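Peer 1: Could you look at this predicted model? Sequence included:
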Amino acid sequence: QVQLAASGGGLVQAGGSLKLSCVVSGRTFSSYALAWFRQAPGKEREFVAAINWSSGRTDYPDSVKGRFTISRDNALNTVFLQMDSLKAEDTAVYYCAARIGYRSSYYGHYDYWGQGTQVTVSS
């Protein structure tokens, strides 16, 4: 089993920044990927960023590219999401997720999920 614990959400003004963290514990695998998704009320879960743990290669959708950065710290077993130039439409609950294998933008490919952390951007 893999456990994920997300933190770092909060209230921020538009144009501001937040950094989310997700600590990974439990069983690890030789090849796995971590990702962030978000879900706003009444909307589908949306892909935000993904990273291959071993290579560090990343993916982003156009909606956050250039504003958000996903990274990982092997020593801390933690994945981060640095969010800059935040907009009101970034308001959502943010979830970290893990899967065995290559990174993916589809939430259905992820087997393990953290509890979510609320990000609210005021305009």
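Peer 2: That came through fine. Residues are numbered from 1 along each chain as shown.

Peer 1: Just give me the residue right at the centre of the chain.
Peer 2: By C-alpha atoms, centre = their mean, the chain has its centre lying nearest to Trp36, at 2.2 Å.

Peer 1: Pretty sure that one sits against Ser71.
Peer 2: No - when contacts are counted by C-beta atoms under 8 Å, Trp36 is not listed as touching Ser71 (11.2 Å). Every C-beta, even on glycine, is put in place using the N, C-alpha and C of the backbone.

Peer 1: shared neighbours of the two, anything?
Peer 2: Common contact partners of Trp36 and Ser71 (C-beta atoms under 8 Å, 6 or more residues apart in numbering): Val79.

Peer 1: can you give me the strands in the protein?
Peer 2: In the chain, strands defined by DSSP state E lie at 2-7, 10-13, 18-26, 32-39, 46-52, 58-59, 68-73, 78-83, 92-100, 112-113, 117-122, listed in chain order.

Peer 1: nearest to Tyr106, of those?
Peer 2: Smallest distance to Tyr106 across these (C-beta to C-beta): 7.4 Å, for strand 46-52.

Peer 1: Nearest spatial neighbour of Ile116, chain-adjacent residues omitted?
Peer 2: Quick fix: residue 116 reads Gly, not Ile. Counting by C-beta to C-beta, 6 or more residues apart in numbering, Gly116 lies nearest to Val93, which is 4.4 Å off, once chain neighbours are set aside.

Peer 1: The one you found and Gln115: what is the separation?
Peer 2: 9 Å (C-beta to C-beta, to the nearest Å).
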